[in-house]
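Q: need a structure here:
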Amino acid sequence: MVRFEDVTLRYGQGPEILTGLSLHLEPGSFHCLVGPSGAGKSSLLKLLYLGQKPSAGRISLFGRDVSRLSRDGRARLRRQIGVVFQEFRLISHLSVFDNVALPLRLAGERESSLRTKVEELLSWVGLADHLRAAPETLSGGQQQRVAIARALVGRPNLLVADEPTGSVDDRIGQRLMHLFQELHRNGTTIVLATHNLAMVERLGHPVLRLEDGQIAGQPGEEREGLGPLSPGSRGHWPA
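A: Predicted coordinates for the structure are as follows:
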């Protein structure tokens, strides 16, 4: 699913953020990415969701060398990846419903079928009463839940999440983790960056520890991968 080979990343003429990093994640795996502030977790996630190109090295996603892809090819690959950003990145002139529906519309899904998916997911994250609200009228925690719903609505094959529970209380955080676990059980590969070590321990998934620009202690034994999602495996959100 994910393979990094001797990947290095620096911004402009600045110092190297990631140095000779190698990484291999199996399909259907769930990894928690941890490390001190400034270790490069967000930069590593950018490489995963094709938001940044490496300075050196090779990255393969879904068995394809991303450096060989055309612009259209990268865009098609990007549609298989869901991203939860720390800063939400909601579109201010769109309603909550339209923000979440955007990935489905870009993929060409019919309005009649996407409506049920969007409403069901917004209900699950506790925002059923805010479908027509503008993002700026919501609290930070509510905006975070909209951003998570947008990342998940297309049932991505790879989910990349940067501190997804950082702006919500413990009750909502546990509910969101239940949702991530449900996606994982259906085959989604997940990489979740967090400072919440108690949550990492509760989840019980392999940990990727980023130190000095490299992964320290890459797990030697992966959980069995479930393989990519098939249309028949996509059930309803957990009740």
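
Q: And the strands in this structure?
A: Remark: strands assigned in the chain by DSSP state E are 2-10, 16-25, 30-34, 56-61, 64-65, 81-84, 158-162, 189-193, 207-211, 214-216.

Q: Quick one, which of those strands gets closest to Gly140.
A: Counting by Cβ to Cβ, Gly140 lies closest to strand 81-84 out of the strands of the chain; the figure is 13.9 Å. The C-beta positions use only the backbone N, C-alpha and C, and glycine is treated the same way.

Q: And the worst-scoring helix or strand of the chain on mean pLDDT, what does it pack against?
A: The weakest-scoring helix or strand in the chain, judged by mean pLDDT, DSSP states H and E, is helix 170-185 (a mean of 83). Using 3 or more Cβ pairs under 8 Å, 6 or more residues apart in numbering; DSSP states H and E as the contact criterion, the elements in contact with helix 170-185 are strand 30-34, helix 140-152, strand 158-162, strand 189-193, helix 197-203.

Q: centre of the chain versus stretch 195-206, how much separation?
A: 16 Å (Cα atoms, centre = their mean, to the nearest Å).

Q: follow-up on the earlier one: can you redo the helices and strands packed on helix 170-185 as a markdown table with distance to Ala134?
A: Shown next, in a markdown table, are the helices and strands packed on helix 170-185 (distance: least, Cβ to Cβ, whole Å):
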| stretch | distance to Ala134 |
| --- | --- |
| strand 30-34 | 32 |
| helix 140-152 | 11 |
| strand 158-162 | 24 |
| strand 189-193 | 28 |
| helix 197-203 | 30 |
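
Q: Out of these, the one nearest Arg171 is which?
A: Set against Arg171 and scored by Cβ to Cβ, the helices and strands packed on helix 170-185 come closest in helix 140-152, at 10.7 Å.

Q: List of residues touching the closest one?
A: 82-85, 88-90, 96, 99-100, 102-103, 118, 121-122, 124-127, 130, 135, 138, 159, 161, 164-169, 172, 176, 179, 183 (Cβ atoms under 8 Å, 6 or more residues apart in numbering).

Q: Check the closest residue to Leu121 other than its chain neighbours and give its pLDDT.
A: The shortest distance from Leu121 to any non-neighbouring residue, by Cβ to Cβ, 6 or more residues apart in numbering, is to Ala149 (4.9 Å). Reported pLDDT at Ala149 in the predicted model: 91.

Q: count of neighbours near Ala149?
A: Applying other Cβ atoms under 10 Å, we find 27 residues neighbouring Ala149.

Q: residues touching the residue sitting nearest the centre point of the chain, list them.
A: If you average the C-alpha coordinates of the chain and look for the closest C-alpha using Cα atoms, centre = their mean, you land on Val160, 2.0 Å from that point. When the contact criterion is Cβ under 8 Å, 6+ apart, the partners of Val160 are Leu45, Leu48, Tyr49, Ile81, Gly82, Val83, Val84, Val191.

Q: Distance to Val200 for the strands of the chain - can I get that in a markdown table?
A: Compiled in a markdown table, the strands of the chain are given as follows (distance: least, Cβ to Cβ, whole Å):
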| stretch | distance to Val200 |
| --- | --- |
| strand 2-10 | 19 |
| strand 16-25 | 16 |
| strand 30-34 | 5 |
| strand 56-61 | 24 |
| strand 64-65 | 30 |
| strand 81-84 | 16 |
| strand 158-162 | 13 |
| strand 189-193 | 9 |
| strand 207-211 | 6 |
| strand 214-216 | 15 |
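
Q: Gly40: which of these is closest?
A: Checking these against Gly40 by Cβ to Cβ gives strand 16-25 as the closest, at 4.5 Å.

Q: Note down every partner strand of that closest one and its orientation.
A: Strand 16-25 has these partner strands in its sheet, going by DSSP bridges: strand 2-10 (antiparallel).

Q: Report the distance from the strand it pairs with to the chain centre.
A: Here the centre of strand 2-10 is set off from its chain's centre by 18 Å, with Cα atoms, centre = their mean.
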